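>>> missing the sequence, but the structure's below:
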């Protein structure tokens, strides 16, 4: 992404309008918070590559470095995504319950 604002992490970009403006591995659309989430589940960098086979080990390491050095930012994104998923599941359950009561 030639137009992306490069951060101090060579393979990580943040650009408004690209992946929601969230830290992303350059030219992949894989957000740092996705890699961080897998790492928090106990996956090694090698195991992360099994989930994202198009990434390289340097890209995974760059994402992890960004996560460790910008922990509050990425943790807030993970909390927001968890909340959005919970809200979606709640609305889905309400809709299914409404349909079942017809």
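In hand now; what should we look at? None of these values were measured; they are calculated from a predicted model. Numbers count the residues shown, from 1 in each chain.

>>> now the helix or strand containing residue 81: mean pLDDT?
For residue 81, the host element (DSSP states H and E) is helix 71-100. Helix 71-100 carries an average pLDDT of 89.

>>> for it, name the packing helices and strands.
helix 32-40 (3 or more C-beta pairs under 8 Å, 6 or more residues apart in numbering; DSSP states H and E). The way it works is simple: take the backbone N, C-alpha and C, and place the C-beta from them, glycine included.

>>> helix or strand right after the helix it packs on?
helix 45-51.

>>> please name every helix or strand in contact with that following helix.
Using 3+ C-beta pairs under 8 Å, 6+ apart, helix 45-51 sits against helix 32-40, helix 57-69.

>>> wait, which of those is closest to residue 49?
helix 57-69 (6.2 Å; C-beta to C-beta).

>>> return the distance of the closest one from the chain's centre.
12 Å (C-alpha atoms, centre = their mean, to the nearest Å).

>>> do the same with stretch 94-102
33 Å.

>>> stretch 17-37 too?
Relative to the chain's own centre, stretch 17-37 is displaced by 6 Å; criterion: C-alpha atoms, centre = their mean.

>>> use 16 as the first number for this chain going forward.
Understood, numbering begins at 16; the last thing we discussed is stretch 32-52.

>>> which outside residues touch that stretch?
Identification of contacts with stretch 32-52 by C-beta atoms under 8 Å, 6 or more residues apart in numbering yields 16, 19, 22, 26-30, 63, 67, 69-70, 74-75, 77-79, 81-82, 85, 88-89, 92-93, 96.
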